[in-house]
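K.L.:
Kindly generate the corresponding structure for this input.
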Amino acid sequence: MSITKNLQSVQQNIPPHVRLVAVSKFHPNEAIEEAYKCGQRIFGESRVQELVQKESSLPKDIEWHFIGHLQTNKIKQIVPSVTMIHAIDSERLLSEINLHAQKANRTISCLLQIHIAKEETKFGFSFDDCREFIASNRWQKFENIEIAGLMGMATYTENKIQVRNEFKSLHLFFQELKTTQFKEKNYFCELSMGMSDDYQLAIEEGSTLVRIGSTIFGNRNY
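P.N.:
Numbers count the residues shown, from 1 in each chain. Sure thing, here's the model as predicted:
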């Protein structure tokens, strides 16, 4: 298997306005280095300890995105090195990230995760809960956080119509927030949706960040 060929193939299928997050979780440094040599600079990790270890030993111009479910007691470890946190599913989590970002004198870009899938195992705000939270303006007190956009995961299903509709619903909600509470906030510009199985559908429905792992790196080494 050639990571280089896989990565080049994916890059050819992604338009210029969409950024690729190469999901490197459970893959060794050597795999990341091969992708890095092909020009890839954004990598996604879902375990705090793994991200910290990799960040300390790989090139410093890598942009690390944390894409997994984040526990509040682990935030302190990633705040010094992470560029973006994709899966913010509660106000409490934002508050804790803001606290540690203040101590580190950093501003962290965060994406609010919206629950769009027909699966209870996935996390995220409901549309109504997120709408209420944003309308309350409570998020504005978090001075060391930029809410850069939204993130969502579609249902794991062969039903492409369902997947497309879930992505479409998230894009419509993104546009709603973009034209109301975030109208003057240029940093609110990212819509993270789409993985190896459905990223092309996600791009068609407005994604600006796709999270692709197995299509590039092959099966994970757990």
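K.L.:
pLDDT value on Ser126, please?
P.N.:
At Ser126, the pLDDT value in this model is 95.
K.L.:
Next, count neighbours for it.
P.N.:
Neighbours of Ser126 under the rule other C-beta atoms under 10 Å: 11. Backbone N, C-alpha and C define where each C-beta goes, glycine included.
K.L.:
which ones are touching it?
P.N.:
Ile114, His115 (C-beta atoms under 8 Å, 6 or more residues apart in numbering).
K.L.:
Quick check on it: phi, psi?
P.N.:
phi -80, psi 160 (degrees, to the nearest 10).
K.L.:
Likewise for Asn137?
P.N.:
Torsion angles, degrees, to the nearest 10, at Asn137: phi 70, psi 10.
K.L.:
What score does it have for pLDDT?
P.N.:
The model reports Asn137 with a pLDDT of 93.
K.L.:
Spatially nearest residue to it, not counting backbone neighbours?
P.N.:
Excluding its sequence neighbours, the residue lying closest to Asn137 (C-beta to C-beta, 6 or more residues apart in numbering) is Gln181, at 7.7 Å.
K.L.:
what's the spacing between Glu91 and Gln181?
P.N.:
Between Glu91 and Gln181 the computed distance is 15 Å (C-beta to C-beta, to the nearest Å).
K.L.:
Over to Ile78?
P.N.:
Look at Ile78 and Gln181: by C-beta to C-beta, they are 27 Å apart.
K.L.:
Please, which helix or strand holds the residue nearest to the spatial centre of the chain?
P.N.:
Nearest to the mean C-alpha position of the chain, by C-alpha atoms, centre = their mean, lies His86 at 3.3 Å. Assigned by DSSP states H and E, His86 belongs to strand 82-88.
K.L.:
same question, Thr157
P.N.:
Per DSSP H and E, there is no helix or strand for Thr157.
K.L.:
Show the contacting residues for it.
P.N.:
Counting by C-beta under 8 Å, 6+ apart, Thr157 touches Lys118, Val163.
K.L.:
before we move on, the earlier item: tell me which of Ile78 and Gln181 has more neighbours.
P.N.:
Ile78 (21 against 18).
K.L.:
my read: that one touches Gln53, true?
P.N.:
No. Counting by C-beta atoms under 8 Å, no contact exists between Ile78 and Gln53, whose distance comes to 11.5 Å.
K.L.:
Leu112: what's it in contact with?
P.N.:
Ile88, Asp89, Phe125, Cys130, Ile147, Gly149, Leu150, Met151.
K.L.:
re the thing from before, would you put the C-alpha positions of the strand holding His86 in PDB?
P.N.:
In PDB, the C-alpha atoms belonging to strand 82-88 read as follows (Å, rounded to 0.1, in the frame of the first residue of the first chain):
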ATOM      1  CA  VAL A  82      -3.600  21.900  19.100                       C
ATOM      2  CA  THR A  83      -4.800  24.200  16.300                       C
ATOM      3  CA  MET A  84      -8.400  23.200  16.200                       C
ATOM      4  CA  ILE A  85     -10.800  21.100  18.300                       C
ATOM      5  CA  HIS A  86     -13.600  19.600  16.100                       C
ATOM      6  CA  ALA A  87     -16.000  18.000  18.500                       C
ATOM      7  CA  ILE A  88     -17.300  20.400  21.100                       C
END
